[in-house]
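[1] let's see this in three dimensions:
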Amino acid sequence: MKILGVDPGGASGALAIIEQTNGAPTAVVSVIDVPLVGSGARQRVDAIALQEWLPSTSWTLHSSSAVRLCRNKALHRVSNMDGWLAH
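    Numbers count the residues shown, from 1 in each chain. Sure thing, here's the model as predicted:
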């Protein structure tokens, strides 16, 4: 199974593809900073770069894959240890 991990981050974030076998992570397939375009108020995710990156990792959304999304907190003193949201 391949898992797409998403950490939205503050100003930017990161994406990772992790290979998992029998419930345990076995390999990091790929890791990138979230691709961004523009600047200031016009900064946004570069959807084209993201679309090009995903196929290069052989990750597809099907029954043997998953997405994990890290929860962000608005308050800097609040622990983010409460985990990840699963899809």
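[2] what is the least confident helix or strand in this structure?
    Using mean pLDDT, DSSP states H and E, strand 84-86 stands out as the lowest-scoring helix or strand of the chain, at a mean of 49.
[3] got the residue ranges for the strands in the protein?
    In the chain, the strands defined using DSSP state E lie at 2-7, 14-21, 24-33, 36-37, 44-45, 65-70, 84-86.
[4] for the longest one, buried residues please.
    Judged by neighbour count using 16 or more other Cβ atoms under 10 Å, the buried positions of strand 24-33 are 29, 30. C-beta here means a position set from N, CA and C on the backbone, and glycine is covered the same way.
[5] can you list the strands that that strand pairs with?
    strand 14-21 (antiparallel) (DSSP bridges).
[6] then the strand it pairs with to CSV, C-alphas only?
    Taking C-alpha atoms only, strand 14-21 is exported to CSV below (Å, rounded to 0.1, in the frame of the first residue of the first chain):
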residue,chain,number,x,y,z
ALA,A,14,5.1,19.1,2.3
LEU,A,15,3.9,16.0,0.6
ALA,A,16,5.3,12.5,1.0
ILE,A,17,4.6,9.1,-0.5
ILE,A,18,5.3,6.2,1.9
GLU,A,19,5.2,2.5,1.0
GLN,A,20,3.6,0.3,3.7
THR,A,21,3.7,-3.4,4.0
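[7] before we move on, back to that, dump the strands of the chain to CSV, plus distance to residue 51.
    Output for the strands of the chain, formatted as CSV (distance: least, Cβ to Cβ, whole Å):
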stretch, distance to residue 51
strand 2-7, 13
strand 14-21, 12
strand 24-33, 13
strand 36-37, 13
strand 44-45, 11
strand 65-70, 16
strand 84-86, 23
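[8] shaky segments in this protein?
    By pLDDT under 70, the low-scoring segments of the chain are 10-11, 62-64, 71-87.
[9] what residues are bridge-paired with residue 45?
    With DSSP bridges as the rule, residue 45 is bridged to residue 36.
[10] quick one: residues contacting residue 43.
    36, 37 (Cβ atoms under 8 Å, 6 or more residues apart in numbering).
[11] quick check on it: phi, psi?
    With angles defined as degrees, to the nearest 10, residue 43 sits at phi -70, psi 140.
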